[in-house]
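K.L.:
show me the folded form of this:
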Amino acid sequence: MNKAYPFSFYFLYYAAMAAMLPFLVLFYQQLGFTGTQIGILTGISPLIIVIGGPFWTGVADATRRHRVVMSLGIGMAVLASLSFLNLRSFWAVAAAIGLFNFFLAPVIALADGATVASLGAEREKYGRVRLGGTLGWAVSAFVAGLLIERFGLDMSFWSYAVLMFLALLVGQKFVFPQHVAGISLRQGLRHFATSRRWVLILSEGMFIGMGVVLISNYLFVYMKELGASESVMGFANTLSTLAELPVLFFAHVLLKRFGARRLMHIALFLSGLRMLLFATFNSVGGILGAQLLNGLNFPIFGAAMVTYIDQHAPAGMKSVALGLYNSVSFGLGSALGGLLGGLLLDVVGGRGMYLVCGLVTLAVQGVLVMVGRESPKDLTTEP
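P.N.:
Residues are numbered from 1 along each chain as shown. Here you go, the predicted structure:
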């Protein structure tokens, strides 16, 4: 498969996300929803992903119809996004959000599986292909803001629908890995749930996802406490996006140097350190400097995880493994980060929140590394 296809898919997929997701809360406010209602709508999304990810990737592996499942997910997400244009009641919006996340949950996992399989011996260069997503997000976030300012919030949903439909067309060029006869779906899920190695790895994925939400959802609130303007907040977001570019471009070098497993340890450690730096410097300048660590957090962790799963997941269960990773990271991790961050923000403020969460992340990472040393070394593919 030509690398241009997955690169273009990631560009369009994340461009679509940038055009809609950051503006959903504004849409809820425009409809007059209360703070509690908005909290419910933002909280159900990661929980739906926990269910939808493993379910659909399991269906894809069991039926060997990965392209059909991915296309169905994108198509239903497009329809759900357009339905927002005509929805006004809370329960109708909640139903649409549930369907949107349930069907979209497996898409990126299936795309990752196809991309890594197409890279073959060059799977370490996944990060260079995934770079398209970072570029798509950066470009779309800027353009979508201008369009919405000029034409209103409806442009957010139209932009998402158009970009994701184009991603659907590009996705038809994906070549998915052939199913390898091996263990059954139930056996595979039992293996992931009972294998200490996979439990530890997925736990790290959950905490890296928690860190992403703590930073993406609450950083601007903390910066507002410090007196930062909206333009400075936007600059902080731009810095974090630009920091991903060189890291993803040279991800294959880092993977060869440290290995996928060790690189995951490094990424989680730096995620905790980044939050501690926010609390330690307690200044806008310090936050801007710490934003440069963004590329070495979730993006490099994701590249290492995708590579590791391709190398070590049981036969015929790579899509399920990717789905589980997305579920614990974007699902459980996001829910945990959102809940913990909100509670701490009310009690100890932004600085205290990042201090506590940074220390917790480093402590958990240390425990996971120590426990992981007792597990068999990751030298061979599991049967």
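K.L.:
pLDDT weak spots in the stretch 251-383 of the chain?
P.N.:
For the stretch 251-383 of the chain, the stretches flagged by pLDDT under 70 are 373-383.
K.L.:
one more time with 50, if that's ok
P.N.:
By pLDDT under 50, the weakly predicted segments of the stretch 251-383 of the chain are 374-383.
K.L.:
helices and strands around the longest helix along the chain, which ones?
P.N.:
In the chain, assigned by DSSP state H, the helix with the most residues is helix 334-372. For helix 334-372, the elements it packs on are helix 35-63, helix 196-225, helix 260-281, judged by 3 or more C-beta pairs under 8 Å, 6 or more residues apart in numbering; DSSP states H and E. Where C-beta positions appear, they are placed from N, C-alpha and C, glycine not excepted.
K.L.:
that one vs helix 35-63, what angle?
P.N.:
Counting by axes from the mean of the first three to the mean of the last three C-alpha atoms, to 10 degrees, helix 334-372 lies at 50 degrees to helix 35-63.
K.L.:
returning to that earlier point: in TSV, list the helices and strands packed on helix 334-372 along with distance to M155 and mean neighbour count.
P.N.:
Below are those laid out as TSV (distance: least, C-beta to C-beta, whole Å; neighbours: other C-beta atoms under 10 Å):
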stretch	distance to M155	mean neighbour count
helix 35-63	20	19
helix 196-225	22	21
helix 260-281	33	21
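K.L.:
which parts of the longest helix of the chain are buried?
P.N.:
Residues of helix 334-372 classed as buried by neighbour count (16 or more other C-beta atoms under 10 Å): 334-338, 340-342, 344-345, 350-351, 353-358, 361-362, 364-365, 368, 372.
K.L.:
that helix: how far from the chain's middle?
P.N.:
18 Å (C-alpha atoms, centre = their mean, to the nearest Å).
K.L.:
quick one: the residue nearest the centre of the chain from Y126, how far?
P.N.:
With distances taken as C-alpha atoms, centre = their mean, F330 lies nearest the centre of the chain, 5.3 Å away. Counting by C-beta to C-beta, to the nearest Å, the gap from F330 to Y126 is 18 Å.
K.L.:
and if you look at F103?
P.N.:
F103 sits 25 Å away from Y126, going by C-beta to C-beta.
K.L.:
which one of these two has more residues nearby?
P.N.:
More crowded of F103 and Y126, by other C-beta atoms under 10 Å: Y126, with 26 against 22.
K.L.:
report whether the expected contact of the more buried one with M305 is present.
P.N.:
No. Contact status for Y126 versus M305: not in contact, 10.0 Å apart, counting by C-beta atoms under 8 Å.
K.L.:
noted, bye for now.
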